[in-house]
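> Give me coordinates for this.
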Amino acid sequence: MDRWTYANLPDLTGKTMIVTGANSGLGYVSTRELARRGARVIMAVRDEDKGRRAKAEIETAVPGAALEVRRIDLADLDTVHAFAAGVDEPIDVLMNNAGVMMPPRTLTKQGFELQFGANHLAHFALTGLLLDRLSSDGRVVTVSSDLHRRGRLDFADPNGERSYSPLRHYAQSKFANVLFGLELDRRLRAAGSAVRSLLAHPGYSATNLQTSGPRGLINLGGRLGNLLLAQSVDMGALSQVYAAVAEEAESGQFIGPHRGMRGWPAVVRPVRSATDPETARRLWTLSEELTGVTVPVGR
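Next comes the predicted model:
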């Protein structure tokens, strides 16, 4: 995949894709570039006004873009169910992109720690609710972070009730993304499905994620990092777009920048602990219990 760019996207006419968090950052760029190649993109957003503004901007840049804004709030599983219930057509790609990063301890409507709840549990539930609507060769792309390498799952206290750290719980949620994406691949393969489950991360990209959640010195560090160290959001989104559409992208692969935090899409290795099937099975069971969603593929 030597220097794979948006110019390498195939014709996506007739394809329907869902992108969570499509109104800003990586989701916005992904939506724009997928639409540029003819895909119909359902923009799954929390704030519909912001979604409509993003839609208008993309339509200006990509005349004729086929876009639809629909509401989903990953901090409220009721809206995840409502969103999924409104999807009655075949879906070719589900891009689990939206996320929150290092806020003060906050709870979702259902009482989960916000990062674990929004970044992992809501996307687990959304995938489970939509899996039977994926086309026979569809894909699920779950966006993680290189910070998953610092993560572990505290099964005794996943919601940080005893002890909470914004960074530690962000890393836990991104670690959970990797466990989930790889376990989904295992289960799809065991079921003989052609649906692909891939993971992606953007490296260090200049998005508002580093500044919209963190407070104090972490927020300041994020702003300086975006200015001095980060690659552009367009470069950051390349990995997840590659995972979504490149024919050579294989189920179970993790796609990230070839130089670690910057660069062109490449197959990267997750931290070894995130590849453990037993940990992944424990997370899968816990996720089904907490969300009430049984993912219709298994062993």
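> Which secondary structure element of the protein has the lowest mean pLDDT?
Here the helix or strand of the chain ranked lowest by mean pLDDT, DSSP states H and E is helix 216-228, holding a mean of 47.
> residue ranges with poor pLDDT in the stretch 1-150 of the chain?
By pLDDT under 70, the weakly predicted segments of the stretch 1-150 of the chain are 1.
> for it, what spans make up the helices?
25-36, 48-61, 77-85, 114-115, 122-130 (DSSP state H, counting those that start in this stretch).
> which of the residues in stretch 108-119 are buried?
By neighbour count with 16 or more other C-beta atoms under 10 Å, stretch 108-119 contains the buried residues Thr108, Phe112, Glu113, Leu114, Gln115, Phe116, Gly117, Ala118, Asn119. From N, CA and C alone the C-beta is placed, and that goes for glycine too.
> swap that for stretch 230-247, please
230-231, 233-246.
> if I pick the closest residue in space to Arg187 that isn't next to it in sequence, what's in contact with it?
Spatial nearest neighbour of Arg187, excluding adjacent residues (C-beta to C-beta, 6 or more residues apart in numbering): Val297 at 4.7 Å. Counting by C-beta atoms under 8 Å, 6 or more residues apart in numbering, Val297 makes contact with Leu131, Leu184, Arg187, Leu188, Ala191, Ser193.
> I'd like to know how many residues surround the closest residue in space to Val45 that isn't next to it in sequence.
Spatially, and ignoring its direct neighbours in sequence, Val45 is nearest to Gly51 (3.7 Å; C-beta to C-beta, 6+ apart). Using other C-beta atoms under 10 Å, Gly51 has 24 neighbouring residues.
> still on that earlier bit, any idea whether the residue nearest to Arg187 is helix, strand or coil?
Put simply, Val297 is coil when judged by DSSP: H, G, I helix; E, B strand; the rest coil.
> A helix includes Val267, no?
No. Read with three-state DSSP, Val267 is strand and lies in no helix.
> In the sheet, which residues pair with it? Tell me.
Ile255 (DSSP bridges).
> Check the separation of the first and last residues in stretch 14-33.
From its first residue to its last, stretch 14-33 covers 15 Å (C-alpha to C-alpha, to the nearest Å).
> and the least confident of the buried residues of stretch 230-247?
pLDDT across the buried residues of stretch 230-247 is lowest for Ala230, at 81.
> quick one: that residue from Val140, how far?
Separation of Ala230 from Val140 (C-beta to C-beta, to the nearest Å) stands at 27 Å.
> I'd assumed Leu290 was in a helix, is it?
Yes. Judged by three-state DSSP, Leu290 forms part of a helix.
> residues near it, how many?
For Leu290, the neighbour count with other C-beta under 10 Å is 20.
> next one: Leu126
Neighbours of Leu126 using other C-beta under 10 Å come to 27.
> Give the closest residue to it in space, chain neighbours not counted.
Nearest to Leu126 is Val80, by C-beta to C-beta, 6+ apart, at 5.3 Å.
> do you know how far the one you found is from Glu183?
Distance, Val80 to Glu183, using C-beta to C-beta: 19 Å.
> ditto for Arg189
Per C-beta to C-beta, Arg189 is found 11 Å from Glu183.
> who has more neighbours, these two?
Shown here are Arg189 and Glu183; by other C-beta under 10 Å, Glu183 has more neighbours (24 against 17).
> max-length strand in this structure?
strand 134-143 (DSSP state E).
> Just the CA atoms of that one, as PDB, please.
The C-alpha trace of strand 134-143 is given here as PDB (Å, rounded to 0.1, in the frame of the first residue of the first chain):
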ATOM      1  CA  LEU A 134     -24.400  -5.300   6.600                       C
ATOM      2  CA  SER A 135     -24.100  -6.400   3.000                       C
ATOM      3  CA  SER A 136     -22.500  -9.800   2.400                       C
ATOM      4  CA  ASP A 137     -19.100  -8.200   1.800                       C
ATOM      5  CA  GLY A 138     -19.600  -5.400   4.200                       C
ATOM      6  CA  ARG A 139     -17.100  -4.000   6.700                       C
ATOM      7  CA  VAL A 140     -17.000  -2.800  10.200                       C
ATOM      8  CA  VAL A 141     -14.200  -0.300  10.900                       C
ATOM      9  CA  THR A 142     -13.500   0.500  14.500                       C
ATOM     10  CA  VAL A 143     -11.300   3.500  15.200                       C
END
